[in-house]
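> Following is a predicted model, sequence given first.
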Amino acid sequence: MVKNDFYWGASTSAFQVEGGFGEGGKGVATTDVRKVPEGIADSKIASDHYHHMLEDIDLMEELGINLYRFSFNWTRVMGDGMEPNQEGIKFYNQLIDACIEKGITPFPTLYHFEMPQALVTEFGGWKSRKCIDRFVEYAEVCFQNFGDRVKLWGTINEQLIVSAASDLNGNHETNTEEKMKQMYQMSYHMSLAEKKVIQCFREIVKDGKIGPICSMQVVYPETPSPENILASKNAEDFLQNCFLDMSVNGEYPKSYSNYLNKKGWYPEMEPEDQRILLNYKPDIIGINYYSSTCIRAVKTDEDTSKLPPFYRNELFTLGVNPHLIKTKWMEFGIDPEGLYIGMRTIYEKYKLPMIVTENGLAYSDVLEDGKIHDDYRIDYLENHIAQCERFIEEGYPLLGYSPWSLLDLVSSHQGFKKRYGLIYVDRTDTDLKECSRIPKDSFYWYKKRIFNQ
């Protein structure tokens, strides 16, 4: 059993749920111009939360959650990233007030993959230190307008992904070497921006808590051979510790720094950065977890060029874990115990309280006779919640659990074929219909799970 002050929540992100493209003063985001495969839904309408917001909050109340983890759309708050957009601020004030009225704590993330395309066009986005200033200005607008009521905040969602995904950050360099160098420079600028945002937060929201939202990497070696164990340790440094070490301690892991220096990819820094990096620390760490990762050493002459940029080095590559059940959309396998293992590792390393901000099962749900029977999702969530309870019973500080996602969202590359929601959104990639909301079996199960605590 968890404590009475535990946050039972559900999560979304602005660009995947909101829609409302071109409405309410919203500017053009990187997620609005990114190319999606033909026949796959983009984010311009998404789940149409922009027009269903109050209905969705009513469903949150029915579900019984006491926390809503969402994100502000940078381009709705700031348009082109330069001036505050009062219509967008009004929209989020309405959302926040409606949540609080129903006893739901609002928990926004400042940066969840989307950013103003205007900043990419003007100076390359995160390639430039100018983007640090724009991000801090945006965060300050959010703190000033919402910080009187919002006390729990996320900074950057999954820096690992947003640093590497060109269609999210605008890093379209054609030269591979230059692209890698830019990727690590952009990531450093994000880390420095996060620290400056925390500094700003301390001045404006004095009674709040803030921290990064981490794509938690639970890394297993493919075999117990020394080379595979070393590869798995390298992977953990490159895929997780480099971000959390910087967020919490203001420095990179030594192995990471050594490798970037060797490759000529180490980011450029300025002397005054050090003071900011070392003096402003987060209060919490958000945990996004779907499955563990299996890693092995790279074989001689093995081609790793097709891997994502963050896997593209000589130190490690993806292995195969035969012990996990895999599905169409969960190709790394389902590993509930990995949630416990990863959180325990992170706590022992950083000594900060955590909150699970994403955890969910993707499936191509089918609507039958007006209902969605998703026992597979119930099984996944139940087994992962059990690991959270185990973690709490052992005395570790876990503030809450928010499955991904409250309702079906537009997936970055699979549109509405890949669904995570507790609530079905009745649309397809090519037919918008009415975007009606239909609670799934997992919705009613989660409701009982919350009320039976």
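On my side now, so go ahead.
> Go ahead and confirm residue 198 touches residue 208.
No - contact between residue 198 and residue 208 fails when scored by C-beta atoms under 8 Å: they sit 10.6 Å apart. For every residue, glycine as well, the C-beta is placed using N, CA and C.
> ranges for the helices of the stretch 201-350 of the chain?
226-236, 242-249, 254-263, 273-279, 336-350 (DSSP state H, counting those that start in this stretch).
> Give the other helices and strands that the fourth one contacts.
Translated: helix 273-279. Other helices and strands packing on helix 273-279, by 3 or more C-beta pairs under 8 Å, 6 or more residues apart in numbering; DSSP states H and E, are helix 176-204.
> Give me the pLDDT for residue 56.
In this model, residue 56 is scored at 98, pLDDT.
> Quick check: nearest residue in space to it, chain neighbours excluded?
residue 49 (5.9 Å; C-beta to C-beta, 6 or more residues apart in numbering).
> Is that neighbour in contact with residue 15, as I believe?
No - here residue 49 lies out of contact with residue 15, judged by C-beta under 8 Å, at a distance of 10.7 Å.
> More neighbours: those two, which one.
Counted by other C-beta atoms under 10 Å, residue 49 and residue 15 do not tie: residue 15 has more neighbours, with 29 against 25.
> The more buried one: which element?
Following DSSP states H and E, one finds residue 15 within helix 14-17.
> Report the buried residues of stretch 187-197.
By neighbour count on 16 or more other C-beta atoms under 10 Å, the buried set for stretch 187-197 is 187, 188, 189, 190, 191, 192, 193, 194, 195, 196, 197.
> Please write out the alpha-carbon positions of that stretch in CSV.
The C-alpha trace of stretch 187-197 is given here as CSV (Å, rounded to 0.1, in the frame of the first residue of the first chain):
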residue,chain,number,x,y,z
SER,A,187,22.7,18.8,-25.6
TYR,A,188,25.1,20.8,-23.6
HIS,A,189,23.2,24.0,-24.3
MET,A,190,20.0,22.3,-23.1
SER,A,191,21.8,21.3,-19.9
LEU,A,192,23.1,24.8,-19.3
ALA,A,193,19.6,26.2,-20.1
GLU,A,194,18.1,23.8,-17.6
LYS,A,195,20.4,25.1,-14.9
LYS,A,196,19.6,28.7,-15.6
VAL,A,197,15.9,27.8,-15.6
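> Need the contact partners of it.
Applying C-beta atoms under 8 Å, 6 or more residues apart in numbering, the external contacts of stretch 187-197 come out as 110-111, 126-129, 131-132, 135-136, 139, 155-156, 159, 162-163, 210, 212, 242-243, 246-247, 250, 267-269, 273, 276-277, 280.
> If any of those residues are buried, give me the PyMOL selection for them.
Of the contacts of stretch 187-197, the buried ones go into a single PyMOL selection, burial set by 16+ other C-beta under 10 Å:
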select buried, resi 110+111+126+127+128+129+131+132+135+136+139+155+156+159+162+163+210+212+242+243+246+247+250+267+273+276+277+280
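> Can you flag which of the contacts of stretch 187-197 belong to strands?
Among the contacts of stretch 187-197, the members found in strands (DSSP state E) are 110, 111, 155, 156, 210, 212.
> Dump those into TSV; add distance to residue 367 as well.
Converted to TSV, the ones in strands among the contacts of stretch 187-197 look like this (distance: C-beta to C-beta, whole Å):
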residue	distance to residue 367
110	35
111	34
155	37
156	35
210	39
212	37
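> Would you mind listing the buried residues in the lowest-mean-pLDDT helix or strand in the chain?
The helix or strand of the chain with the lowest confidence, counting by mean pLDDT, DSSP states H and E, is helix 166-169 at a mean of 86. Going by neighbour count (16+ other C-beta under 10 Å), the buried part of helix 166-169 is 167, 168, 169.
> got it, and stretch 26-36?
Within stretch 26-36, judged by 16+ other C-beta under 10 Å, the buried ones are 26, 27, 28, 29, 30, 31, 32, 34, 36.
> Now do the contacts for residue 153.
Contact partners of residue 153, counting by C-beta under 8 Å, 6+ apart, are 107, 108, 109, 110, 201, 205, 208, 209, 210, 211.
> ok, 6 Å please
Neighbouring residues of residue 153 by C-beta atoms under 6 Å, 6 or more residues apart in numbering: residue 210.
> Report the beta-bridge partners for it.
residue 210 (DSSP bridges).
> Pick out the residue nearest the middle of this protein.
Residue closest to the average C-alpha location in the chain (C-alpha atoms, centre = their mean): residue 157, at 3.6 Å.
> wait, doesn't it sit right on residue 114?
No - counting by C-beta atoms under 6 Å, residue 157 sits too far from residue 114 to count as a contact (10.2 Å).
> hang on, the earlier thing: what sits up against the least confident helix or strand of the chain?
By C-beta under 6 Å, 6+ apart, helix 166-169 touches 30, 34, 113, 125, 126, 162, 172.
> Let's have the helices of the stretch 201-350 of the chain in TSV, adding mean pLDDT.
Converted to TSV, the helices of the stretch 201-350 of the chain look like this (pLDDT from 0 to 100):
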stretch	mean pLDDT
helix 226-236	97
helix 242-249	98
helix 254-263	96
helix 273-279	97
helix 336-350	98
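> could you dump the buried residues of stretch 187-197 to JSON lines with distance to residue 332 and pLDDT?
Compiled in JSON lines, those are given as follows (distance: C-beta to C-beta, whole Å; pLDDT from 0 to 100):
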{"residue": "187", "distance to residue 332": "23", "pLDDT": "97"}
{"residue": "188", "distance to residue 332": "28", "pLDDT": "98"}
{"residue": "189", "distance to residue 332": "29", "pLDDT": "98"}
{"residue": "190", "distance to residue 332": "25", "pLDDT": "98"}
{"residue": "191", "distance to residue 332": "26", "pLDDT": "98"}
{"residue": "192", "distance to residue 332": "31", "pLDDT": "98"}
{"residue": "193", "distance to residue 332": "30", "pLDDT": "98"}
{"residue": "194", "distance to residue 332": "27", "pLDDT": "98"}
{"residue": "195", "distance to residue 332": "31", "pLDDT": "98"}
{"residue": "196", "distance to residue 332": "34", "pLDDT": "98"}
{"residue": "197", "distance to residue 332": "31", "pLDDT": "98"}
